[in-house]
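Colleague: this one's sequence-less:
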């Protein structure tokens, strides 16, 4: 009730300052959507005016605007954070990092640049274009739809190179078409993402830039395990397809299932996700070996990796899930859907176990065999580390970033 009251007061205060042109109205609409659906935005949103709170200083270092679609502790913002680290390391750049709302990673971003919010940007079309021209490069991450809309409107007056680093397989065709028109170059986090862009516009200027992850060493589990531990990590929703995991577990022989512990780690986000979670828990009721764990900080998540044997990814559409790459890094047995990005980098039964995401019986057979013959898969776990070293190490990522961005910043 208190949040509803605060929203009403906020809206009343905003009415007297309603913008008077189409560009400002679009910003106003997007601001109000966030106020309505996200209580955290009440703490920073001000008014939609023509003032700009961001003072860009011209120095001998490159000025780069980096836009993230939020500061949450999820895949795309984490990738954007790592990109910021490399931009500072390679170019000693001044970073101005902009997002729509507060989130758990905001403090981490502040270690590498100055953090601002969309409400801090100039709202008038000509002022926004002039503001963009103060930068040497503008990098927009993934689903930053508000900024992409603004850039589209102002494109003809912006001289700064515009780059989109996209991490999603794009089903929103209209949005993707708009983004392709806006950007001078599109960096795709995985081959499936690049394919989705090319399917919309075969002439799109794309390049592949897979993310990098810091090499984190976790100690060997000091507790002797009496069960084989499986992890299935990700937002609880249809795309992550946790139902397949549960269906496969239900098909396992009961005696083998009793040798195992299955963790489903993650939380729903959208309204339909909560319905999916309810259905998921209904079909898994009575299976005592399954435990649900809501979203947890990364430090705690690594503790689950530490005690696990196997990382399972059941996604029906996933460009390059970080949880799988962490599994490679930690040398766990990766059991992955045939449609995720990493499946294109792996060889089945050599450095991953790849299954058809439509076939719960196939996945059940794999889980059962691991439960009964875990030692048979130790070479696969060891080889999976090589996938991390080759494609996802920070050194590899740094070299890729430099090869792509040198022409803009040197």
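Modeller: All right, it came through fine. Here the structure is a predicted model, which is why all the values come from computation and not from measurement.
Colleague: which residues sit in contact with residue 83?
Modeller: 66, 139, 141, 165, 211, 401 (Cβ atoms under 8 Å, 6 or more residues apart in numbering). Any C-beta I mention is one placed from the backbone N, CA and C, and that applies to glycine too.
Colleague: Checking my notes, residue 279 in a helix, right?
Modeller: Yes. Assignment of residue 279 by DSSP: H, G, I helix; E, B strand; the rest coil places it within a helix.
Colleague: For it, the count of nearby residues, please.
Modeller: The tally of other residues near residue 279 (other Cβ atoms under 10 Å) stands at 13.
Colleague: Residue ranges in this protein under the pLDDT threshold?
Modeller: 1-51, 101-102, 220-224 (pLDDT under 70).
Colleague: and it, what are its domains?
Modeller: Using automatic domain parsing, the domain parsing of the chain gives 8-212+397-405, 228-391.
Colleague: Please flag which of the contacts of residue 83 sit within helices.
Modeller: Those of these mapping onto helices are residue 401, per DSSP state H.
Colleague: Nearest to residue 219, out of the domains of the chain?
Modeller: The closest of the domains of the chain to residue 219 is domain 228-391. By Cβ to Cβ, the value is 7.0 Å.
Colleague: Could you work out the end-to-end span of that closest one for me?
Modeller: 28 Å (Cα to Cα, to the nearest Å).
Colleague: Show me how far it is from its chain's centre.
Modeller: 18 Å (Cα atoms, centre = their mean, to the nearest Å).
Colleague: Same check on stretch 72-81?
Modeller: Relative to the centre of its chain, stretch 72-81 is centred 5 Å away, using Cα atoms, centre = their mean.
Colleague: what's next to it, contact-wise?
Modeller: 66, 68-71, 99, 103-105, 108-109, 112, 141-143, 165, 167-168, 189, 211, 235, 295, 297-298, 321-322.
Colleague: Tell me which residues of stretch 131-144 come out buried.
Modeller: 131-132, 134-144 (16 or more other Cβ atoms under 10 Å).
Colleague: actually stretch 183-198, not the one I typed
Modeller: The neighbour-count check on stretch 183-198 (16+ other Cβ under 10 Å) flags 183, 185, 186, 187, 188, 189, 190, 192, 193, 194, 196, 197 as buried.
Colleague: related to what we said a few turns ago, quick one: the domains of the chain as CSV, columns for distance to residue 218 too.
Modeller: Formatted as CSV, the domains of the chain follow (distance: least, Cβ to Cβ, whole Å):
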stretch, distance to residue 218
domain 8-212+397-405, 17
domain 228-391, 5
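Colleague: burial count for residue 286?
Modeller: Around residue 286 there are 7 residues (other Cβ under 10 Å).
Colleague: where's it relative to residue 247, distance?
Modeller: Separation of residue 286 from residue 247 (Cβ to Cβ, to the nearest Å) stands at 14 Å.
Colleague: which residues of the stretch 151-300 of the chain fall in strands?
Modeller: 162-166, 185-188, 206-208, 228-233, 260-265, 290-293 (DSSP state E, counting those that start in this stretch).
Colleague: Let me have these in a markdown table, extended by distance to residue 55.
Modeller: Converted to a markdown table, those look like this (distance: least, Cβ to Cβ, whole Å):
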| stretch | distance to residue 55 |
| --- | --- |
| strand 162-166 | 22 |
| strand 185-188 | 28 |
| strand 206-208 | 32 |
| strand 228-233 | 41 |
| strand 260-265 | 42 |
| strand 290-293 | 43 |
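Colleague: To residue 338, which of these lies closest?
Modeller: Closest among the strands of the stretch 151-300 of the chain, using Cβ to Cβ: strand 228-233, at 16.2 Å.
Colleague: The closest one to strand 260-265, inter-axis angle?
Modeller: Calculated by axes from the mean of the first three to the mean of the last three Cα atoms, to 10 degrees, strand 228-233 forms an angle of 20 degrees with strand 260-265.
Colleague: So which elements touch strand 228-233?
Modeller: strand 260-265, helix 298-307, strand 310-313, helix 322-329, helix 360-372 (3 or more Cβ pairs under 8 Å, 6 or more residues apart in numbering; DSSP states H and E).
Colleague: Residues in contact with the fourth one: which ones?
Modeller: So the one you mean is helix 322-329. Residues contacting helix 322-329 (Cβ under 8 Å, 6+ apart): 75, 78-79, 211, 213, 215-216, 231, 233-234, 305, 311, 313, 333-334, 336, 340, 342, 384-385, 387-388, 392.
Colleague: For residue 53, which residues are in contact?
Modeller: So residue 53 contacts 116, 120 (Cβ under 8 Å, 6+ apart).
Colleague: swap the cut-off to 6 Å and go again
Modeller: By Cβ atoms under 6 Å, 6 or more residues apart in numbering, the residues touching residue 53 are residue 120.
Colleague: Partner strands of the strand or helix carrying residue 97, with direction?
Modeller: Using DSSP states H and E, residue 97 maps to strand 94-99. Looking at strand 94-99 with DSSP bridges, its partner strands are strand 63-67 (parallel), strand 114-117 (parallel).
Colleague: shouldn't residue 160 be in contact with residue 132?
Modeller: Yes. Under the criterion of Cβ atoms under 6 Å, residue 160 makes contact with residue 132 at 5.4 Å.
Colleague: circling back to that earlier point, would you turn the buried residues of stretch 131-144 into a markdown table with distance to residue 329?
Modeller: Listed next are those as a markdown table, based on distance: Cβ to Cβ, whole Å:
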| residue | distance to residue 329 |
| --- | --- |
| 131 | 39 |
| 132 | 37 |
| 134 | 38 |
| 135 | 34 |
| 136 | 33 |
| 137 | 30 |
| 138 | 31 |
| 139 | 25 |
| 140 | 28 |
| 141 | 22 |
| 142 | 22 |
| 143 | 26 |
| 144 | 28 |
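Colleague: Which among the contacts of stretch 72-81 count as buried?
Modeller: Buried subset of those (neighbour count, 16+ other Cβ under 10 Å): 66, 68-71, 99, 103, 105, 108-109, 112, 141-143, 165, 167-168, 189, 211, 235, 295, 321-322.
Colleague: Please report how far residue 56 lies from residue 225.
Modeller: 54 Å.
Colleague: So for the two, which sits in the more crowded spot?
Modeller: Ranked by neighbour count (other Cβ under 10 Å), residue 56 and residue 225 place residue 56 first, with 16 against 11.
Colleague: so that one is in which element?
Modeller: Per DSSP H and E, there is no helix or strand for residue 56.
Colleague: nearest spatial neighbour of it, skipping sequence neighbours?
Modeller: residue 134 (4.2 Å; Cβ to Cβ, 6 or more residues apart in numbering).
Colleague: Alright, I will stop here.
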